[in-house]
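*Asks:* A structural model of the following input is requested.
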Amino acid sequence: MLREQVTSDTATGGGGQYDVINIGMQEAPIWGGQAGWIEPLEFGAGYDIDDMLPAIRNGLSADGKLYAAPFYGESSMVMYRKDLTDAAGVTVADNDSWDNIKAAAAAIHDPDNGVYGVCLRGKPGWGGDNMAFITTVVNSFGGGAWFDAEMKPTLDSDEWKAAINFYVDLLGTYGPPGSEGNSFNEILALYNEGKCGMWIDATIAASFLEVDGVAYAQSPNAGNPVGANWLWAWAMAVPAGTENADQAKASSNGRPPRTISRLWPTIRSSAGGAACPPARARPPMPILSFRPSRASPLPNWPRSKAPPPPGGRPI
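*Replies:* Numbers count the residues shown, from 1 in each chain. The predicted structure is shown next:
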């Protein structure tokens, strides 16, 4: 309901209800660059805009203008139990093939001892449920967007069929019982209980993993070089119709990133590393690494190259 109200209020140019709105990477370039519903953001020297992840900044911009200030950003990746893969004599590589992911899941699958080869979102739905993940799998199989250039559905294409059949077989054969009811939170609980050998999901999950022996790899693919990782950000924007545009712009950026950097040790000690927003180009403090005593280093993505969105169009 709130998103509907924000969209309606912003689209009509009324600016009556909201001076600052929370939108995502999908809306920002369309509402700003194409529709003119939101104001471009220009911050002073105190705000280090170059400290944003380039992929996040570009995804929230149009024609070189930033239309929303991010407070959160994520991609997706493979999180796997390296102790289990080592014991089984298998490896998981960056941008691995789906066939190798399936073989690794089979090798570490041990349901008699409560360990399942792979945990994936199975709960029907968009956003935090299975269709966000499935769309990236289809993309990695070369399926591209849901619609072609003439807006005809592509769901009956060979690529879509191959991706869906692979997903159903992988999760049905090596996933935990009841996967049709599992989304992010359910799988996180299973992983921390030691029941998941492998999980492909949002990068933010690394902040919450509590088991030993976790390693990370970039998302797999099936021959399509763009891979199966998504890109998303939540951000603050200013409706073009608001009477308080200057004050809203000043508040939408929160504190300048450099200023926030000095606060992270306090945030870390009081709320934990999971409280720190992951939309920066550089980690604010070395202490914010994801559990270095328990986990392997995160995959080293090029910061100048954005992971593709679910439709396969580079950001």
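*Asks:* Just the helices from the protein, written as ranges.
*Replies:* Secondary structure of the chain (DSSP state H): helices at 2-11, 27-29, 54-59, 82-88, 98-108, 130-140, 158-174, 184-192, 245-252, 257-261, 264-271.
*Asks:* Include distance to Ser76, mean pLDDT and mean neighbour count when you put those helices into CSV, please.
*Replies:* C-beta here means a position set from N, CA and C on the backbone, and glycine is covered the same way. Formatted as CSV, those follow (distance: least, C-beta to C-beta, whole Å; pLDDT from 0 to 100; neighbours: other C-beta atoms under 10 Å):
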stretch, distance to Ser76, mean pLDDT, mean neighbour count
helix 2-11, 23, 75, 14
helix 27-29, 20, 95, 22
helix 54-59, 13, 92, 22
helix 82-88, 19, 97, 16
helix 98-108, 13, 97, 19
helix 130-140, 7, 92, 24
helix 158-174, 14, 96, 16
helix 184-192, 11, 97, 18
helix 245-252, 27, 66, 16
helix 257-261, 24, 41, 16
helix 264-271, 24, 38, 12
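*Asks:* Compare those helices and give me the one nearest Ala235.
*Replies:* Nearest of those to Ala235, taken as C-beta to C-beta: helix 27-29 at 6.3 Å.
*Asks:* what residues does that closest one touch?
*Replies:* For helix 27-29, the surrounding residues in contact (C-beta atoms under 8 Å, 6 or more residues apart in numbering) are Ile38, Gly59, Leu60, Ser61, Ala62, Tyr67, Ala68, Ala235, Ala237.
*Asks:* One more pass at 6 Å, please.
*Replies:* Helix 27-29 has contacts (C-beta atoms under 6 Å, 6 or more residues apart in numbering) with Leu60, Ala62, Tyr67, Ala68.
*Asks:* Would you mind measuring from the closest residue to the second one other than its chain neighbours to Pro239?
*Replies:* Distances taken as C-beta to C-beta, 6 or more residues apart in numbering place Gly33 nearest to Ala62, at 2.4 Å, with adjacent residues excluded. Distance, Gly33 to Pro239, using C-beta to C-beta, to the nearest Å: 15 Å.
*Asks:* So between those two, which is more surrounded?
*Replies:* Neighbour count, other C-beta atoms under 10 Å: between Gly33 and Pro239, Pro239 has more, with 26 against 16.
*Asks:* Quick check: the farthest pair among the contacts of helix 27-29?
*Replies:* Farthest pair in the contacts of helix 27-29, by C-beta to C-beta: Ala62 and Ala68, 10.4 Å.
*Asks:* which of those two has more neighbours?
*Replies:* Neighbours were counted for Ala62 and for Ala68 using other C-beta under 10 Å; Ala68 has more, 31 against 17.
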